[in-house]
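Peer 1: coords please:
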Amino acid sequence: MLEVIILAAGQGSRMQSRLPKVLHLLSGRPLIHYTLDAARAAGANQIHVVVGCGADAVEAAVQAPDVQCHLQAQQKGTGHAVQQAIGACHPDSTLLVLFGDVPLVSDRTLQTVVAAAEGGIAMLSAVVEDPSGYGRVVRDGQGEFSAVVEHKDASMVQHQLREINTGVLASRASSLADWLSRIQNNNAQSEYYLPDVLALAKADGIAVSVVVSDSALDTLGVNTPQQLEYLERQHQQVLAERLMAAGVFVADRARLDIRGSLGCGRDVSIDINVVFEGQVVLGDEVTIGAHCVIRNATIEAGVQVRPFTHIDGATIKAGAEIGPYARLRPGTEIGEQAKVGNFVEIKNVSLGTGAKANHLTYLGDATVGAWSNVGAGTITCNYDGANKYRTELGEGVFIGSNSTLVAPLSVASGGFVAAGSTITDDVASDQLAVARGRQSNVDGWQRPAKTKDKA
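Peer 2: Here you go, the predicted structure:
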């Protein structure tokens, strides 16, 4: 049985934020969610999260049937933090300790650490260019593990060591509980350091296995906004590489952000500065123009999304054309071969096959039938200040430019609304609706002239 303890009690003072550090977002998700995913992928049967600063918010963020939270009321070090949860672990389980602010450690690495702990204790280390701030792994003359020395307690010679302790370790729960009961806080921080259990294990004649990570992402943690930004860019590079390896054409991997999940078909093309949020699916031969933001959307084969378009909670059927500068809001379904043009906003609308709304239009709470045309400047007046009402346009309807459609309203198939009309009554099939003031031309009218200022 594998149990995991995730340490998530720290405030993260260097983040300069009221938000608990583990709840800061990486690619649109809280840091700790990545750690939870890695624990589950590594085979965890039960996960224990140690909370402290912002405990209520962290508990709400990690709530799940396989997660149990434990409060560390006072932060007295990583060893003290593990002690808050270890009593709830089965003594015979293998226990893996992770950190909520180190989000990209891979499940493959964790499985290696767990396997190495069989019959003893195992830790994860890494060799880095700049080890500043990390505990150093000290080895003996034969290259075997000797101890972990925290940066503030290290000597000048030990500061030169580049192999660092990541903090990740695995051991039998009963053994780890025993060693934790024996650690001391005789150090510069007067804290109980979790890595001190490694030296106690060695003194007890227990083998200490060191797994050296082969991935920089395994060890990258977040303590500052700068580190969070760096980790974001590194993670986005990985995501872009995966897309391109699957055949997606990415204009610039450094100018792509995926803040959720993105599924792509064949021959998909993504231009620069595109942001994907939530759950997005792109079908075959979809083209996404520059500077688009797409959230929780399904975009079917052959759709062209032109630059500066915002799509949120919409479904776009095959062959449709969207944008530029269009905004599709939640509840919108765009039919096959339909067109939504520049500066058109649509919310909670079904736009039928081949229908068009090409310019400067707002459609809300409406159904637009197949092959209908909505002229420039048209709006549906769907809200009376208290309630919303629907507009129903049949197939082949023509709405002239600068029309106002006051819901509830129905325009039957083949109906025609003249430009500049305000329509409040239903329009039957093949009727022409005209609702505008009569033009009056005044003969001999003189344009007003400017009056000169008097001295």
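Peer 1: show me the contacts for the closest residue to G415 other than its chain neighbours.
Peer 2: Leaving aside its chain neighbours, G415 sits nearest to V427 (4.2 Å; criterion: CB to CB, 6 or more residues apart in numbering). For every residue, glycine as well, the C-beta is placed using N, CA and C. Residues near V427 by CB atoms under 8 Å, 6 or more residues apart in numbering: 410-412, 415-417, 433.
Peer 1: swap in I322?
Peer 2: With contacts defined as CB under 8 Å, 6+ apart, the neighbours of I322 are 303-306, 309, 311, 316, 328, 334, 339-340.
Peer 1: bridging residues for it?
Peer 2: Bridge pairing for I322 (DSSP bridges) gives the partners V305, V340.
Peer 1: Could you measure from it over to T361?
Peer 2: According to CB to CB, to the nearest Å, I322 stands 13 Å off from T361.
Peer 1: for A199, same thing?
Peer 2: Here A199 is placed at a distance of 71 Å from T361 (CB to CB).
Peer 1: Who has more neighbours out of the two?
Peer 2: Using other CB atoms under 10 Å as the criterion, A199 and T361 rank with T361 on top: 26 against 19.
Peer 1: partners of the least confident helix or strand in the chain by mean pLDDT in the sheet?
Peer 2: Sorting the helices and strands of the chain by mean pLDDT, DSSP states H and E puts strand 145-149 at the bottom, at a mean of 89. Strand pairing for strand 145-149, using DSSP bridges, gives strand 136-139 (antiparallel).
Peer 1: Kindly export the strand it pairs with (C-alpha atoms) in PDB.
Peer 2: Output of strand 136-139 as PDB, limited to C-alpha atoms (Å, rounded to 0.1, in the frame of the first residue of the first chain):
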ATOM      1  CA  ARG A 136      23.400  19.600  -0.100                       C
ATOM      2  CA  VAL A 137      23.800  15.900  -0.400                       C
ATOM      3  CA  VAL A 138      27.100  14.900   1.300                       C
ATOM      4  CA  ARG A 139      28.700  11.600   0.200                       C
END
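Peer 1: And the helices in this structure, which stretches?
Peer 2: 31-41, 55-62, 78-86, 107-116, 156-159, 173-180, 196-203, 225-245 (DSSP state H).
Peer 1: Return the distance of stretch 330-341 from the chain's centre.
Peer 2: Centre-to-centre, stretch 330-341 and its host chain are 25 Å apart (CA atoms, centre = their mean, to the nearest Å).
Peer 1: Then stretch 422-441?
Peer 2: Counting by CA atoms, centre = their mean, stretch 422-441 is centred 48 Å from the centre of its parent chain.
Peer 1: first vs last residue of that stretch, how far apart are they?
Peer 2: Using CA to CA, to the nearest Å, the end-to-end distance of stretch 422-441 comes to 22 Å.
Peer 1: can you pull the buried residues of that stretch?
Peer 2: For stretch 422-441, a neighbour-count test (16 or more other CB atoms under 10 Å) marks 423, 427, 433, 435 as buried.
Peer 1: for stretch 236-249, same thing?
Peer 2: 236, 239-240, 243, 248.
Peer 1: so for that stretch, what's the average pLDDT?
Peer 2: Confidence over stretch 236-249 (mean pLDDT, whole number) is 97.
Peer 1: likewise stretch 33-48?
Peer 2: Rounded mean pLDDT across stretch 33-48 is 97.
Peer 1: quick one, domains of this protein?
Peer 2: Per automatic domain parsing, the structural domains of the chain span 2-218, 225-433.
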